[in-house]
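Novice: sharing a model prediction with you, sequence too.
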Amino acid sequence: MNAMADGLIGKPALRARLGFEPGLVLRMHGMRRSGNHAIASWLQRNAPEGRALFLNNCRRSANPLDAFSSVEVNDAKVSVDKVQGDLSVLGPDVGDGGLLLVSYEDNSPAQDRPRKPLSGHFDRGVIDHEVLVYRSFLNWAASLTKKLEPNESYSVARRIAVILRGVDLYSDLLGEVIDGGAAISVCYDRWMEDEAYRADLLARLGLEARDNSLGPVTGYGGGSSFQKGALESAELATDRRYVEMMQDPLYQAVLQVAARDAVLVARIQTLFPRDAEVLARVAMENPIKGEVAP
């Protein structure tokens, strides 16, 4: 959005589009299947008085106010048809001082460049914090592989191409976490396990802890790929996904490739040393045994 619209600068300029003036604006980035939606729900529940507008999975290079895949108000989904071309109809349900949260999937803050802004003409000056969500490699790759496998419209080659493209982006994202840029990084694995970690993150983001629980399982992407019946996030065994997938041929192929990417493995070693140990063992195994030449 043009920050000079109607002669206003900064957050007051958002009122005409949103029907409210945000008290806090967060832009969230992360790979899909990294727990983004669980964290988005948690942020909304801890917004000022629980008041929040969440624009999910926004399209790159476009203003997020015009290019979101779905929308939530106060942690509840709203029909996109209801806000067709006019987000301001939701303003009274949020109110001045509420949270504006916009999210991008398979993306990181480094992809936001002056000559090619991630959020198009949206005024970056109103963004209070960039939030970067990441997850342990073995569990993230297991979840993504599991999610893609039932899609019969994708050939095996296409599935693995999607996964390996994601692995490349994932490596870039870990590089940003290690470099310690301006974004506030959220490790999903630790977020799931450590209530004090969640509380500290809320404080860093300028939010009061109203509901620091893990909350319900969200329905995005069909919910959990492994535990379809789970209703509460606390029921999810998110730290064991790689164990469940270790005998899966497609997952094994992904690990074989990842284990030979020196940059990726070095970054995993820094943040998830146990994952790196597994990849080191994978790299020592020859995936083709015996004579295969014609």
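Specialist: Good, I have the coordinates. Everything numeric in this text was worked out from a predicted model, so none of it was measured. Numbering: from 1, shown residues only.

Novice: residue 26 in helix, strand or coil?
Specialist: At residue 26 the chain is in strand, as set by DSSP: H, G, I helix; E, B strand; the rest coil.

Novice: let me redo that: residue 59
Specialist: coil.

Novice: residue 101 now?
Specialist: Under three-state DSSP, residue 101 comes out as strand.

Novice: count the neighbours of it for me.
Specialist: For residue 101, the count of nearby residues is 24 (other CB atoms under 10 Å). (C-beta placed from N, C-alpha, C; glycine too.)

Novice: residue 255 is in contact with residue 282, correct?
Specialist: Yes: contact criterion CB atoms under 8 Å: residue 282 and residue 255 qualify, at 4.9 Å.

Novice: the one helix or strand residue 147 maps to packs against which elements?
Specialist: Using DSSP states H and E, residue 147 maps to helix 137-148. In terms of contacts (3 or more CB pairs under 8 Å, 6 or more residues apart in numbering; DSSP states H and E), helix 137-148 is packed against helix 156-179, helix 241-245, helix 249-258, helix 273-284.

Novice: could you measure from residue 19 over to residue 96?
Specialist: Going from residue 19 to residue 96 by CB to CB, to the nearest Å gives 10 Å.

Novice: which of the two has more residues huddled nearby?
Specialist: residue 19 (19 against 16).

Novice: for the protein, what helix or strand is lowest in average pLDDT?
Specialist: helix 241-245 (a mean of 84; mean pLDDT, DSSP states H and E).

Novice: what does that helix rub up against?
Specialist: Helix 241-245 is contacted by residues 138, 139, 141, 142, 143, 145, 146, 226, 251, 278 when judged by CB atoms under 8 Å, 6 or more residues apart in numbering.

Novice: which parts of it are buried?
Specialist: Counting neighbours by 16 or more other CB atoms under 10 Å, one finds that the buried residues in helix 241-245 are 241, 242, 244, 245.

Novice: also stretch 75-91?
Specialist: 75, 78, 83, 87, 90, 91.
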